[in-house]
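[1] what's the 3D shape of this:
(one chain, ligands or ions: 1)
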Amino acid sequence: MKIHILTLFPEMIEKGFQSSIIGRAAQKEILSLHGVDIRDYSLDKHNKVDDYPYGGGAGMLLQAEPVFNAWQSVTGGRAVRTIYLTPQGTPFTQSMAEELAGEEELVFLCGHYEGIDRRVLEETVTDYVSIGDYVLTGGELPAMVMIDAVARLIPGVLGNESSAEEESFFNDLLEYPQYTRPEVWHNKKVPEILLSGDHRKIAQWRLEKSRRLTEKVRPDLYEKYERKQRLTDRLLKDKRNYIHMIESLRRGRAEIIWWEGEDILLYDRSCKLCMITAASKESGRLMLAYAPKETESFVTSQVFLNEMLCGSGGSDMGDEGESYGGYEIHCECYQLVYTQKVPLPVKHKDIRQLTMEHLDYVGSRYSYDGREYVEARIREGVMYGAFVENAPVGFAGMHNEGSLGLLYVEEAYRRQGIAVSLEAYIINRTLEKGWTPYGQVIVGNEESFALQEKLGLYRSDRTVWWLEKIKQKGQA
Ligand code: 6GU
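    Below you'll find the model as predicted:
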């Protein structure tokens, strides 16, 4: 990821990250941090970049032109995500960090003095973000806070891949207390259960501690957590038809945007995906008005929603207009759920996680979602290959929203159980995380249904539809 920081104090950012995990990621070239000194873009021979506010008042403002030129120097006018750090912004959250971690390039604009001329913000800024309800002297520390939170979610930045997943704010709960040696310190003993070796009991104990702590110190978070639990329990009554929503909630990916009776709208911010089910056309129409404008994909459970989403209109309907239209149907799928808890036998012995060196191999054989998508899946460590004599003969993986798929086996190696082994392998990895494995199969793909059913997955009785935003001409 490329990060540019527009600031009057570039050395503050550069020095601040030098000796940290983020600095190391920059050295490894997973991340590039580029400080831009706004003062270098002053039009004035005294390097002046600020002036008094029209209308009077305390302090100085950064002028539009130096800020604009600094921004132009990194973007060349391209539409790059540009974040302005300001106490007047939207509060920064973990889910915002997750979404930003999916960008290739970010610009952070740090204000100083009393602020920046409004007109340049209007022409450059895409997001106004605050890091909390207190006032700081400038945007540099907030930018560093955001960069730290975003960067640690980029695969490869943290040494231990799993550590970003299970921790504070995962599933809206605060982290449980932890202990290390010695067993007794200041007469305090480590809780007995942690020494028991019973992993199920330990997980239960930790969950209970997390819940009690969250309820006590963050009632707002606890309320959110409880509501998701209640919705999950409700959806479990029709598990096969709503497994996509259930797993998205359980894995801490989805936010509830709307839930009233049978009307549900969830949003997975990190893949810009809305999942929606509506009891009637009227409620469906109403809910769609609440779907985030950035939504790239929809998974719908009723045909009438597709008609609304595929209508003309779309992005140019303005703020007051109905915010639907501009999507097209991508596919119709049945859902398949692995309902057992026991791992499956894996016959093919040589299955390994794929790395970037296999990108060409996978990319040339799986073209359905495009090469960048495949690259991201490999980078996230969710693609697995079957090998024969050290050469890949097939692969499978997990989609960005969490379903199983991306399955392929070389012609010459088919009908030997390799696909079954690959899928069983991924099912087992999914079970290890405490999740329910599921997949989606396009209506009519009988070969795939046969495979899924052979593995013991159950098929939904109704279908869901995937819709994708129609790309405007000139967009990537
Ligand atoms: Cl983003 N900037 C400033 N100056 N103060 C803040 C902030 C940002 N977020 C909280 N306080």
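[2] going forward, measure contacts and count neighbours with C-alpha atoms only.
    Fine.
[3] please name the nearest non-neighbouring residue to the residue of the stretch 251-400 of the chain found nearest the ligand.
    Proximity of the stretch 251-400 of the chain to the ligand (CA to the nearest ligand atom) peaks at Arg269, 21.2 Å away. What sits nearest to Arg269 in space, not counting adjacent residues and going by CA to CA, 6 or more residues apart in numbering, is Glu99, at 5.8 Å.
[4] how many neighbours does the residue of the stretch 251-400 of the chain closest to the ligand have?
    Other residues near Arg269 come to 20 when the count uses other CA atoms under 10 Å.
[5] with Arg230 instead?
    Counted with other CA under 10 Å, the neighbours of Arg230 add up to 11.
[6] show me what counts as buried in the top helix by length along the chain.
    In the chain, assigned by DSSP state H, the helix with the most residues is helix 199-217. Neighbour counts using 16 or more other CA atoms under 10 Å place Ile202, Trp205, Arg206, Leu207, Lys209, Ser210, Arg211, Arg212, Leu213, Thr214, Glu215 of helix 199-217 among the buried residues.
[7] how far away is the residue positioned nearest the centre of the chain from Lys293?
    With distances taken as CA atoms, centre = their mean, the residue of the chain nearest its centroid is Ser270 (2.2 Å). According to CA to CA, to the nearest Å, Ser270 and Lys293 sit 14 Å apart.
[8] now for Arg251: which residues touch it?
    With contacts taken as CA atoms under 8 Å, 6 or more residues apart in numbering, Arg251 has the following neighbours: Asn171, Trp435.
[9] please read the previous query as pertaining to Ile193.
    Ile193 makes contact with Lys201, Ile202, Trp205, according to CA under 8 Å, 6+ apart.
[10] in contact with the second one, which residues?
    Ile202 makes contact with Ile193, Leu194, according to CA under 8 Å, 6+ apart.
[11] how close does it get to the ligand?
    Here Ile202 is placed at a distance of 38 Å from the ligand (CA to the nearest ligand atom, to the nearest Å).
[12] now do the last one
    According to CA to the nearest ligand atom, Trp205 and the ligand sit 35 Å apart.
[13] per-residue confidence for the residue of the stretch 251-400 of the chain closest to the ligand?
    Note on Arg269: pLDDT of 89.
[14] wait, isn't it in contact with Ile256?
    No. Arg269 sits out of contact with Ile256 when judged by CA atoms under 8 Å, with a separation of 11.0 Å.
[15] list the contacts of the residue lying closest to Asp263 once chain neighbours are set aside.
    Spatial nearest neighbour of Asp263, chain neighbours left out: Ala278 (4.6 Å); criterion: CA to CA, 6+ apart. With contact taken as CA under 8 Å, 6+ apart, Ala278 is in contact with Glu262, Asp263, Ile264, Gly284, Ser301, Gln302.
[16] same question for Val145.
    Per CA under 8 Å, 6+ apart, neighbours of Val145: Ile131.
[17] coming back round to it: buried sites along the very next helix or strand once past the longest helix of the chain?
    Next helix or strand after helix 199-217 toward the C-terminus (DSSP states H and E): helix 219-235. By 16+ other CA under 10 Å, the buried positions in helix 219-235 come out as Leu221, Tyr222, Tyr225, Lys228, Gln229, Leu231, Thr232, Leu235.
[18] where's the third one relative to Ile256, distance?
    Computed with CA to CA, the distance linking Tyr225 and Ile256 is 10 Å.
[19] which strand or helix spans Val145?
    helix 140-151.
[20] before we move on, the earlier item: quick one: contacts for the residue of the stretch 251-400 of the chain closest to the ligand?
    Here Arg269 is in contact with Ser95, Met96, Glu98, Glu99, Arg253, Ala254, Glu255 (CA under 8 Å, 6+ apart).
[21] and Tyr373, what element?
    helix 371-379.
[22] next SSE after that helix?
    strand 383-388.
[23] whichever helix or strand comes after that next one pairs with which strands?
    Per DSSP H and E, strand 383-388 leads on to strand 391-398 as the next helix or strand towards the C-terminus. The strands that strand 391-398 pairs with in its sheet are strand 383-388 (antiparallel), strand 404-409 (antiparallel) (by DSSP bridges).
[24] quick revisit: okay, the contacts of Arg269 in CSV with pLDDT, distance to Leu195 and secondary structure next?
    As requested, those are exported to CSV (pLDDT from 0 to 100; distance: CA to CA, whole Å; DSSP: H, G, I helix; E, B strand; the rest coil):
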residue, pLDDT, distance to Leu195, secondary structure
Ser95, 87, 34, helix
Met96, 93, 37, helix
Glu98, 89, 34, helix
Glu99, 89, 38, helix
Arg253, 91, 32, coil
Ala254, 94, 34, strand
Glu255, 94, 36, strand
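[25] what segments of the stretch 51-200 of the chain are strands?
    61-62, 81-91, 105-110, 127-130, 184-185, 188-189 (DSSP state E, counting those that start in this stretch).
[26] deepest of the ones you listed, which one?
    Neighbour counts (mean count of other CA atoms under 10 Å) averaged over each of those peak at strand 105-110, with a mean of 24.
[27] in the sheet, who's paired with Gly405?
    Gly397.
[28] okay, and Ser248 sits in which element?
    According to DSSP H and E, Ser248 maps onto helix 239-250.
[29] state the mean pLDDT of that helix.
    The model assigns helix 239-250 a mean pLDDT of 97.
[30] export that helix as PDB, just CAs?
    Extracted in PDB, the C-alpha atoms of helix 239-250 (Å, rounded to 0.1, in the frame of the first residue of the first chain):
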ATOM      1  CA  LYS A 239     -29.700 -21.800   8.500                       C
ATOM      2  CA  ARG A 240     -29.300 -23.100   5.000                       C
ATOM      3  CA  ASN A 241     -31.000 -20.100   3.400                       C
ATOM      4  CA  TYR A 242     -29.200 -17.500   5.500                       C
ATOM      5  CA  ILE A 243     -25.800 -19.000   6.100                       C
ATOM      6  CA  HIS A 244     -24.100 -16.100   4.400                       C
ATOM      7  CA  MET A 245     -25.600 -13.700   6.900                       C
ATOM      8  CA  ILE A 246     -25.000 -16.000   9.900                       C
ATOM      9  CA  GLU A 247     -21.300 -16.500   9.100                       C
ATOM     10  CA  SER A 248     -20.800 -12.900   8.200                       C
ATOM     11  CA  LEU A 249     -22.200 -11.900  11.700                       C
ATOM     12  CA  ARG A 250     -20.300 -14.700  13.500                       C
END
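[31] picking up where we left off before, the residue nearest to the centre of the chain in helix, strand or coil?
    The assignment at Ser270 comes out as helix when based on DSSP: H, G, I helix; E, B strand; the rest coil.
[32] returning to that earlier point: what's the spacing between the residue nearest to Arg269 and Val125?
    Counting by CA to CA, the gap from Glu99 to Val125 is 17 Å.
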